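> got a predicted structure here, sequence first:
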Amino acid sequence: MRARRRLAPVRDCLTASTLLQLMRLASPSLPVGGFSYSEGLEAAVEAGLVTTEAQTLAWLLDQLGLALARSDLAVVAKAARAWQRGDLERVAELNTWFATTRETAEFRQQSEQMGRSLGQWLRHRDPPEPRLAALEALHPAPTWPIAFALAGMATGAPIREVLIAFAAGWAENMVQAAMKAVPLGQAAGQRVLAGLSRAIAEAVDTALALPIGEMQAFTPMLAILSSQHEAQYSRLFRS
């Protein structure tokens, strides 16, 4: 009888502490106000473009692939590397690029407000985050992906896992917004979240491989809806 081969133990990529810190960053309960934004979804509902579970999933999958992967997630990836090597000039360049490519006032205000709030949250980190002063010095304000990249690096997690946490937090907030605005039931919301979860890894890998010269923020329909939302008569969300 052949002796059974003993398999080497599989080592986790993340320690429990690191994983828990990433989960906290991805949580809708993170006190940065993410729950108060729909990122144009509420306006899409008002326009009759998103009225069902299937349309909600399709809309958010498009947003993940066409917007986040090519802009937000790519900025998180490049900013995380810049924070790692102490390249504050590149951090500032990325912050300026992200702020100036927001296509509406709502989107820019959202990014700056959430970035500032995450900076304030980092003040309570133990031990203190030594790069916080550099984050807060960004002009006109630290944007959300730049601040998240720093918070992610502070956990000690690999960059890919930081991007997954960023995308997962976005998905959670957007599904919560859809449940209120479409509206969707709890079970439908979980199915939409599952559909987004299956697409996150590909979006993250796209963002990680994207050269800086190929980053883009061009979602004209979303920009139009966001502009309309600014003057929408009745609304639940700030974007």
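Sure thing, it's come through. Model, not experiment: these values are computed from the prediction.
> element containing the spatially most central residue of the chain, please.
By Cα atoms, centre = their mean, the chain has its centre lying nearest to residue 166, at 4.1 Å. Residue 166 belongs to helix 159-181 when assigned by DSSP states H and E.
> for the record, mean pLDDT for that helix?
Mean pLDDT, helix 159-181: 97.
> which elements pack onto that helix?
helix 16-26, helix 41-46, helix 53-63, helix 73-85, helix 144-154, helix 186-209 (3 or more Cβ pairs under 8 Å, 6 or more residues apart in numbering; DSSP states H and E). Where you see a C-beta, it was placed from the backbone N, CA and C, and this is true even at glycine.
> so which residues make contact with the shortest one?
Right, the one you point to is helix 41-46. By Cβ atoms under 8 Å, 6 or more residues apart in numbering, the residues outside helix 41-46 that reach it are 50-51, 59-60, 174, 177-178, 181-182, 225-226, 228-229, 232, 235-237, 239.
> just the helices and strands packed on helix 159-181: most buried one?
Mean neighbour count (mean count of other Cβ atoms under 10 Å) peaks for helix 144-154 among the helices and strands packed on helix 159-181, with a mean of 26.
> tell me what angle it forms with helix 73-85.
Angle between the axes of helix 144-154 and helix 73-85 is 50 degrees (criterion: axes from the mean of the first three to the mean of the last three Cα atoms, to 10 degrees).
> need the CA coordinates for helix 144-154. CSV is fine.
Taking C-alpha atoms only, helix 144-154 is exported to CSV below (Å, rounded to 0.1, in the frame of the first residue of the first chain):
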residue,chain,number,x,y,z
TRP,A,144,-12.0,59.0,-1.6
PRO,A,145,-9.8,56.6,-3.6
ILE,A,146,-6.6,58.4,-2.4
ALA,A,147,-7.6,58.3,1.2
PHE,A,148,-8.8,54.6,0.9
ALA,A,149,-5.5,53.6,-0.6
LEU,A,150,-3.7,55.0,2.4
ALA,A,151,-6.1,53.4,4.9
GLY,A,152,-5.6,50.1,3.0
MET,A,153,-1.9,50.3,3.1
ALA,A,154,-2.0,51.0,6.8
